[in-house]
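K.L.:
Sharing a sequence plus its predicted fold:
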Amino acid sequence: MKIFATLKIAVTCSIALFTCVNVSNAQGLKVFNNKQCAVVLTYDDAIDIDLDNVIPALDSMKFKGTFYLIGSSPVINKRLNEWRLIAKNGHELGNHALFHPCDGSKPGRGFVTADHDLSKYTVSRAVEEIRINNVLLKAIDGKSNRTFAYPCGDLTIDGVKFYDQLRNDFAGARGVTAIPQKPDEVDLDNINAFPIVGQSADYMINLVKEAQKNHTVLVFLFHGVGGGHSLNVGLSDHSKLLHYLKANQKDIYVSTMVDVAYKIKAYKSGSDKH
């Protein structure tokens, strides 16, 4: 009888543990409409390729992307109506600062100009320029809710995190750290992302499969797609990624950074866990 009692306790504990694991996973998935993971497609710098190559590809799959715009980019002025149209169609116009200032004191930053060297900025200047860019973006899309992307992934000026003063201006800020995270691990002040520079479709699809398996948030960071930028991914590789996402859409939540950021915020606050 003692053996049966012991077995009964063990089985009960195993069932309880299994239930707890499943409940935990269910909560983790609920944030993304009970799908296995979230995938966000982001594109930096406001370049012609965004409108010429990326938008047609995304629209053909009915996916929405996030485009981080540099306010001073000539492509904004030249193709203003097209940016307005893609925003109207559900794509996010994100803030990538007015002049894309980067810290020129870091190694490999020979491309940084003296006028837009973040290491020479004051925090107030950086904050002001980012807020001016928000005004420009609102004039284009009429929206107040969006996300920010750190130019060059630089977070600080003289050791000070300038985004601390901008937290209430955005739903979140995308960084450049290539580490997958579960929804409750995401830091909305520095959302991890995988920079894609020449990697193959298989590499990107494997990242998605890992996200599906581990129930994580996967943010892709693109620049050129089929050309247009020194940081480039092949057009066919990008297309194969989109086709994989489309074929597995029942299991993958594909949306904009602003939408995913708000869902994570609600999840972490507990408002969508019940």
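P.N.:
Yep, it's here. Numbers count the residues shown, from 1 in each chain.
K.L.:
surely residue 205 meets residue 238?
P.N.:
No. With contacts defined as Cβ atoms under 8 Å, residue 205 does not count as touching residue 238, sitting 11.3 Å away. The C-beta positions use only the backbone N, C-alpha and C, and glycine is treated the same way.
K.L.:
Tell me which of the two has more neighbours.
P.N.:
Set residue 205 next to residue 238 and count neighbours by other Cβ atoms under 10 Å: residue 238 wins out with 24 against 17.
K.L.:
So which elements touch the longest strand belonging to the chain?
P.N.:
Secondary structure of the chain per DSSP state E: the longest strand is strand 37-44. With contacts taken as 3 or more Cβ pairs under 8 Å, 6 or more residues apart in numbering; DSSP states H and E, strand 37-44 sits against strand 66-69, helix 201-214, strand 217-222, strand 252-255, helix 257-269.
K.L.:
where does the stretch 1-150 of the chain have low pLDDT?
P.N.:
Applying pLDDT under 70 to the stretch 1-150 of the chain flags the ranges 1-28.
K.L.:
For residue 84, give me phi and psi.
P.N.:
According to degrees, to the nearest 10, the main-chain angles of residue 84 amount to phi -60, psi -40.
K.L.:
That one: what's its closest spatial neighbour, skipping adjacent residues?
P.N.:
residue 140 (5.3 Å; Cβ to Cβ, 6 or more residues apart in numbering).
K.L.:
Contacts only, for that neighbour.
P.N.:
Each residue near residue 140 by Cβ atoms under 8 Å, 6 or more residues apart in numbering is listed here: 76, 80, 83-84, 87, 93.
K.L.:
which ones among the residues you listed are found in strands?
P.N.:
residue 93.
K.L.:
For the contacts of residue 140, give me JSON lines that also has neighbour count.
P.N.:
Below are the contacts of residue 140 laid out as JSON lines (neighbours: other Cβ atoms under 10 Å):
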{"residue": "76", "neighbour count": "19"}
{"residue": "80", "neighbour count": "12"}
{"residue": "83", "neighbour count": "24"}
{"residue": "84", "neighbour count": "15"}
{"residue": "87", "neighbour count": "18"}
{"residue": "93", "neighbour count": "25"}
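K.L.:
and the contacts of residue 140 as CSV, adding distance to residue 246?
P.N.:
Formatted as CSV, the contacts of residue 140 follow (distance: Cβ to Cβ, whole Å):
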residue, distance to residue 246
76, 30
80, 30
83, 25
84, 26
87, 22
93, 23
